[in-house]
Every structure is written in C-alpha cells, then in structure tokens.
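Q: sequence and predicted structure are below.
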Amino acid sequence: MRYTKCQLPDEKLLIPSEKQDEPREGKCLQRFSQRACKNILLILALLFLFTLITFLLGPYCGRAVHAIFKGVVRPWSVPKGLAEGEPQIPSYDDFRTFWKKSPGKWMTADACWEVEDRFDCYPADGASQEGCEARGCCWRPPDKAKTAEDFPKLIPDNSTRNGKFGRLAVPMCFYPIGATSYRVIDTHNTTNGLFALIQRRITAFSVYPSPVELLLLKITFDTPDRVRIVLTDSQKERYQVPFPKLPDAPEMQKEKLNYEVKLQEDPFALQVVRKSSGLVLFDTSAGAFSFYDQFIEISSFLPSNFIYGLGEHSDRLSHSTQYTRFTFFATDSQPGVNIPLYGSHPFYLSVEENGDSSGVLLFNSNAMDVILTPAPAITYRTIGGLLDFSLFLGSSPNQVIAQYIQFVGTPALPPYWALGFHLCKYGYGSLNRTKEVMQRNIDAGIPLDVQWNDIDYMDKSRDFTFDPNKFDGISRFVHSLHERGMHYVIITDPGISSVEDAGTYSPYDDGVALDCFLKNASGGILEGKVWTGERTVFPDFTHPNATAYWTKQVVDFHGQVGFDGLWIDMNEPSNFGDGSEDGCPASSLEDPPYLPHVRGASLKTNTVCMTAKHYLGLHYNLHSLYGLSEAMVTHSALLTARPNRRPFIISRSTFVGQGRVSGHWSGDYPSTWEALQWSIPNMLNFNMYGIPLVGSDICGFNGNTTEELCRRWQQVGAFYPFSRNHNSLGNIDQVCI
C-alpha cells in the first residue's frame, strides 16, 4: 500500500492512497475528521475520570495542599504520607496573580473547599457574594443544620448593628486557605528576643484605606514564663497606651525559657510553644493578618476551648467558642448578655486539659471586636494603636493570674472598713430620709458600716455642692457617723456645669483658669450635657494641671463634708447627647472604615466626640482610659484630703491595671434572677483582672425587687468583697422596709 502525505496547517498525516479516483483533498479531510473525533472522545473520558477522582479525594488532597501552602503545619490537618521535600504547589503570589486575572476561578478549587476553621472576611454588615469575592475571599453558605442547631444567629436578629451583640452565625464570607498579606524580609536577634521587618505584599488586597506597608516586629523574652510581642508601623509613630506603665524586661538567658517562639517568614506567622508539652499556645497562622491605619486584624489558634476573661461583659464564666463576639469600648449601657459595658480588659485565660494554663493580654485601648471561633481560635479587630501582646505561662490558673497582676500592677489594699456592709439609694431625697432608712437597718440588727448618698445630695446636680435645704446639717451627720465608728461615701461625676455665672462656681472657674477641660476639634472647650440639664464640660485627666485642679475641688469639699471615700460614676465618659452640644466634625475618627459593634452604631453615642482633644492625644484613642485617668487623679487627691489613710474609690469605668487605685461595681444591674447570676462571674473576672474590690448592687439597681430575690441576693452579696445594697430612683426600699 502506498501512502500519500496530506499537508494540514499544524501537522502532517500519513493516509492510505488506494482510491486514486477520489480527490486527494477529500481523503485528507475525511481521515482527519475521524481521528479528531477519537481524540475528543478520549479527552472527554479523561476529564470525566479526573472530575470523579477530584470529587472523591478532593478534601483529602486539599488538606495536603493546605498544609504545604501554609508552611506552619498543624498536626490534625496533615494527611498521612505528606512529608517535607515533596513537590510544592504554586506560591501565594501565583494564586493572587491568577485571581486578579481570573476573579473567582480558583475559589472553588484548592483554596475554598469547605473547612471547619472559618475566619470572617467580611465582618461589616452588608456582606454579599460579589463583595466577598471582590476581596479575594470565599463565599459559601454553611450547612443549614449547623446554622440552625449549633450556631444560631443572635436573638433578636443580627441583620442590623443597633443593640445586637454576642453570638454570631457561621460566616458565609471567609478567608481562603493561605490568605496572607505580609512576609518577613529581615530579622535581627537580640540578647533577649528579636526584631523583624515585615513587608506587605504588592499583590495583597486593599479592603480599607491606608495599609501599612512595612511593619516592625519586636519579640521580648521578659521572663522564663512571659513573652511580649509588639507589631507596629516601622516608619511612622503610632498611638501607644500611655498608662499604666508596664515593667521593662530584664536580661534573660534563652536556655532558661519555658517557651519557644517560632517565626515563619513567608507568609508571616509566629507561634509560641510550651516546651514541656510541645503545645502551641499562640499561633497566628490562623485566619489572615491585616494592618491598616484604622483597622488591624489578627487571629490565633487557641490551645483549649476553656476560655475566661475578656471583660467587661455580662456572660457566663467560661466563654463559648461558637462564634461569640465581645466588643471593647467603655460604654454607659444597661447590662445584658455580651453587651459592651463600662470597662475594657482585653485579657483572656486559657486552661488546658492537664491543668496547665496560659494568659494573653492585648494592651490596646482603641475600640475593638474580639471573636471566639470553633477551631478554637480568637480574632482581634481593633481600629487603632498597635498590637502589643503579652503571653503568660503557668502550670495552673493561679500562676498565670499572679503573673498578670504583677505585670499590670498589684491592687491597692483598701481601708479595713471598706470590707463591711454599705447602704445606698438613689432617691433618698433628703438628709432626714437618709437618716431614717439608715437607722431602721441598724435597729434591725444589720451590721451597717458605711452610709452613702447618690447625686440627690447635690445642689442642682452640680459636683462638689450639697443642697442647702434638703441636706442641711450634712457635716454634723457625717461627724456623728464617725463617732459611731461608721463611714460616709458620696458620688461625684466628671461632668462640670459650665453655665454658672463667673466667680460663683469654682469647679468650672478653676478648670478654665488651668486650661484642663477636654477640647473640641477646633480647640475650644467641648460641652456636653449630663445631670444638670444644662451644658457641662469634662476635665481632661491626662493634663499636667488636672491633678492640682481635681485635688483642690476634693480638698475644698472635704472641708465642708468630711467624706471618707469617693464614688466616681459616669466616667466612660457618659453624655446624655451624642458627641457634643455643638456636634462633631465629619471625620474618619467619628466614622471609621470599620465600626466595632458598639452601642448605637456610632462611637459617639452617649459620649463625647472621637475628635475631642486630650493633652495626651485624641479621644478616639483615649476613650476607654478616661475612667482610669480619673481614678488615678482621684487617688492622689484623697491622699491629700485624708493624709496617712488609704484612699477608698469605687469606679464604674475601668481599664487594665486599675486595681492599683480603685475598686469597681458592676453598674446598673436590674433586679432579676439573671442579673444575680451575672454578678458571680463578674466578681470572679475582676479578681482575675487585678481589681479584687468588686461587687454588684445587692437586690439589683433598676426595677423593683421581690422579697425572695432580695433575700437570696443579700446572702450572696455578703460574700462580695465590696458589699453594697443600692437601687434606683422610684423603686421600693430594698432592706428593712
């Protein structure tokens, strides 16, 4: 048989040439078509086989790809047979480049299969598939049964921010496998730690304005059981919490450490590992890491599901890790489950299966959300400052808490009388009524040690005054208490009336003269409205003149009313309006790109403008420090007013380390059985934070109690370190009716 060459554009085919009567071109096309059909069928068969194998083995193979791609391999995510040195998949940059060229093409392949550890990529409201994938993230609704049974949405519905807190649904928009934005480009070891430069990838997605391109990582081996990790901008100074001052690290020998720090360079991640057990205590390979000017997000796997702390919120002692959110921003709120309350303590304690424990503090005062997820893992989202972590190791919770308290400041020893029983009510209305209720309790055999008065003792609700008619004779009354071995405490708020005639109200005149009131964005004195019903101003307790100003007011008033302690309330600071009486300027400080889940869906709700100016900086950064700064200045003032005697201060708003200068009460708990239950973990948590002088309003503050509830609460309250019965205006008396 002869063969004839048929010339085709891309190849040469040899075909039999028997039928010479047929045109050569026709023979070529006929034979070519037959062979093309066979090739197409073969390709389709191979594609079907590949699809079947991918469907059956995809999750297994995907885990292997994930393990290689991540770099830091978690033991439970590595299939057998996966060993170092095996072929590597394309780099993260390759994935990102492909994604930018073909959006969404790889999301359902290697990087977006269903995984247990979902980290929310679209934490703001309004997430959609289009918006999610525009961020380079995965969009996939979770299993319906899981959503309904294991991970319920908030009750009420979580569709809007206003008033919705706590439990979250499984995120539908989540980070793909290997999502990262930074890599280490240089490291330098020191005698007790290391420095590293961390660079943002040019292929990283920009979700928020002003990403920080070059970060500085500083790791310090503080003690054998404490390590400090700081991440900040390497080229621009950022706000850092100014107080309390944390101790400097002593020189350490690395071989004495009970932990090991592992740094992964590309992509950036770090681990802190307990040497004795090999357990990873802190692991930032979880989720994704972002660092913008007004949005910082970092996640870490947790060593255990047993997590405690993260205050101030009303919740059970051990927190759920089933997508539970905690918001940190000092807020004048009515207590409810996981609602952000008066103080900020971003510290958690983790207890491992064998009893070993660890604790982590994020020393950051900006508004933030913290989310616990089922991995278990924790995600931090803060809108300012820097990341300043301190991690503590111990063989028991007691060892960890002892280290933490030593680190942030040991609590002040209260006066002995402060551990007795205290009595108060908002709404006595007069000195005579105060005496009547007090005597009724004494006659009933109640061991009363301290009598209090709320703001109704004041003249027109003005600080450092008393009503000359309804509370005439208050000085003699306090003297009589002292003769009986009892003590007296009064309330004061930071809001100072600014509408008085010049020369008639020294708390305002002195503050103006010393220039120590909070300023608005344009430099004038910021005015809000609190109890007086008129305009009020707020002392700037970070100002160098603030201590002299506040001490003068305390000493002068102590000369009129010989009180023994001060109750500082409304110091979040609370404002009956939003921002100021003159409004707040349009600014990213007032409306940041990411808004934590604060009350009222606005940072300025019932407080002052975020653009307000303190001596030490912007209120945007210093807001949650206001209560601590007032407590520090008040502590100094009481030492002057009552020399050689221990100051007694109870503050509503608190921050890290405040136990050095004040105690705390849990605020306006309602008269309910649920609130009685909340009071116990609240008391235990504040002991964990180093503020042991703590308690709740016995029988509840808001609403009328019942005889049974009040009896049981009084029994529990006897064990509060700070034991006070107190309730609100218009409610029935709660003891010895």
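A: Looks like it came in fine.
Q: for residue 349, which residues make a bridge with it?
A: residue 308, residue 359 (DSSP bridges).
Q: and for it, the neighbour number?
A: The criterion is other C-beta atoms under 10 Å. On that basis, residue 349 has 23 neighbouring residues. All C-beta spots, glycine's among them, are computed from the backbone N, C-alpha and C.
Q: residues contacting it?
A: When contacts are counted by C-beta atoms under 8 Å, 6 or more residues apart in numbering, residue 349 is found next to 307, 308, 309, 357, 358, 359, 397, 400, 401, 688.
Q: what do you get if the cut-off is 10 Å, keeping everything else the same?
A: For residue 349, the contacting residues are 304, 306-310, 318, 357-360, 392, 394, 397, 400-401, 404, 685, 688, by C-beta atoms under 10 Å, 6 or more residues apart in numbering.
Q: repeat that for residue 350.
A: Shown here is residue 350, whose contacts under the criterion C-beta under 10 Å, 6+ apart are 281-282, 302-309, 356-360, 376, 378, 397, 400.
Q: before we move on, back to that, out of the contacts of residue 349, which are buried?
A: The neighbour-count test (16 or more other C-beta atoms under 10 Å) applied to these identifies 304, 306-310, 357-360, 392, 394, 397, 400-401, 404, 685, 688 as buried.
Q: could you find the closest non-adjacent residue to residue 675?
A: Of all residues beyond its chain neighbours, the one nearest residue 675 is residue 669 (4.1 Å), with distances taken as C-beta to C-beta, 6 or more residues apart in numbering.
Q: looking at it, the one you found is touching residue 705, isn't it?
A: No: the pair formed by residue 669 and residue 705 falls short of the contact definition of C-beta atoms under 10 Å, at 11.0 Å.
Q: need the overlap of contacts for these two.
A: For the pair residue 669 and residue 705, residues contacting each of them under the criterion C-beta under 10 Å, 6+ apart are 676, 698, 699, 713.
Q: okay, residue 669 and residue 705: which has more neighbours?
A: For residue 669 and residue 705, the more surrounded residue by other C-beta under 10 Å is residue 669, and the numbers stand at 26 against 23.
Q: could you measure from that one over to residue 554?
A: Using C-beta to C-beta, to the nearest Å, one obtains 28 Å as the distance from residue 669 to residue 554.
Q: go on, residue 533?
A: Using C-beta to C-beta, one gets 24 Å for the distance from residue 533 to residue 554.
Q: out of those two, which sits in the busier spot?
A: residue 554 (23 against 12).
Q: just checking, what packs against the helix or strand that contains that one?
A: Under the criterion of DSSP states H and E, residue 554 resides in helix 546-560. Contacting helix 546-560 under the criterion 3 or more C-beta pairs under 10 Å, 6 or more residues apart in numbering; DSSP states H and E are the following elements: helix 474-483, strand 487-492, helix 506-514, strand 565-568, helix 626-641.
Q: now the helices for the chain?
A: All helices of the chain, identified by DSSP state H, fall at 24-70, 92-101, 129-134, 144-145, 397-408, 431-443, 474-483, 506-514, 546-560, 619-622, 626-641, 673-688, 707-717.
Q: lowest average pLDDT across those?
A: Among these, helix 92-101 has the lowest mean pLDDT, at a mean of 38.
Q: for the shared contacts of residue 669 and residue 705, which one is nearest residue 423?
A: Closest approach to residue 423 among these (C-beta to C-beta): residue 698, at 9.5 Å.
Q: show me what contacts the residue lying closest to the closest one once chain neighbours are set aside?
A: Of all residues beyond its chain neighbours, the one nearest residue 698 is residue 717 (3.7 Å), with distances taken as C-beta to C-beta, 6+ apart. With contact taken as C-beta under 10 Å, 6+ apart, residue 717 is in contact with 421, 676, 679, 683, 695-699, 710, 723-725.
Q: try 8 Å
A: With C-beta under 8 Å, 6+ apart as the criterion, the residues that contact residue 717 are 695, 696, 698, 699, 723, 724, 725.
Q: beta partners for residue 219?
A: Under the criterion used here (DSSP bridges), residue 219 is bridged to residue 194, residue 229.
Q: residue ranges with poor pLDDT in the chain?
A: Scanning the chain for pLDDT under 70 picks out the ranges 1-38, 50-111, 113-116, 143-165, 736-737.
Q: at 50 instead, please
A: The chain contains residues with pLDDT under 50 at 1-29, 32, 58-109, 144-164.
Q: surely residue 212 meets residue 290?
A: No: counting by C-beta atoms under 8 Å, no contact exists between residue 212 and residue 290, whose distance comes to 9.4 Å.
Q: quick one: residue 646 from residue 448, how far?
A: Residue 646 is 20 Å from residue 448, where distance means C-beta to C-beta.
Q: returning to that earlier point: what angle do the helix holding residue 554 and helix 506-514 make?
A: Compare the direction of helix 546-560 with that of helix 506-514 by axes from the mean of the first three to the mean of the last three C-alpha atoms, to 10 degrees and you get 160 degrees.
Q: might you calculate how far helix 546-560 sits from the centre of the chain?
A: The gap between the average C-alpha position of helix 546-560 and the chain average comes to 35 Å, counting by C-alpha atoms, centre = their mean, to the nearest Å.
Q: for that helix, C-alpha coordinates in PDB please.
A: Taking C-alpha atoms only, helix 546-560 is exported to PDB below (Å, rounded to 0.1, in the frame of the first residue of the first chain):
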ATOM      1  CA  ALA A 546      -5.500  68.000  86.200                       C
ATOM      2  CA  THR A 547      -4.200  66.600  89.500                       C
ATOM      3  CA  ALA A 548      -3.900  70.100  91.000                       C
ATOM      4  CA  TYR A 549      -7.300  71.100  89.700                       C
ATOM      5  CA  TRP A 550      -9.100  68.000  91.000                       C
ATOM      6  CA  THR A 551      -7.200  67.900  94.300                       C
ATOM      7  CA  LYS A 552      -8.400  71.500  95.000                       C
ATOM      8  CA  GLN A 553     -12.000  70.500  94.400                       C
ATOM      9  CA  VAL A 554     -11.800  67.400  96.600                       C
ATOM     10  CA  VAL A 555      -9.900  69.100  99.400                       C
ATOM     11  CA  ASP A 556     -12.200  72.100  99.500                       C
ATOM     12  CA  PHE A 557     -15.400  70.000  99.500                       C
ATOM     13  CA  HIS A 558     -13.900  67.600 102.100                       C
ATOM     14  CA  GLY A 559     -13.600  70.700 104.300                       C
ATOM     15  CA  GLN A 560     -17.400  71.100 104.100                       C
END
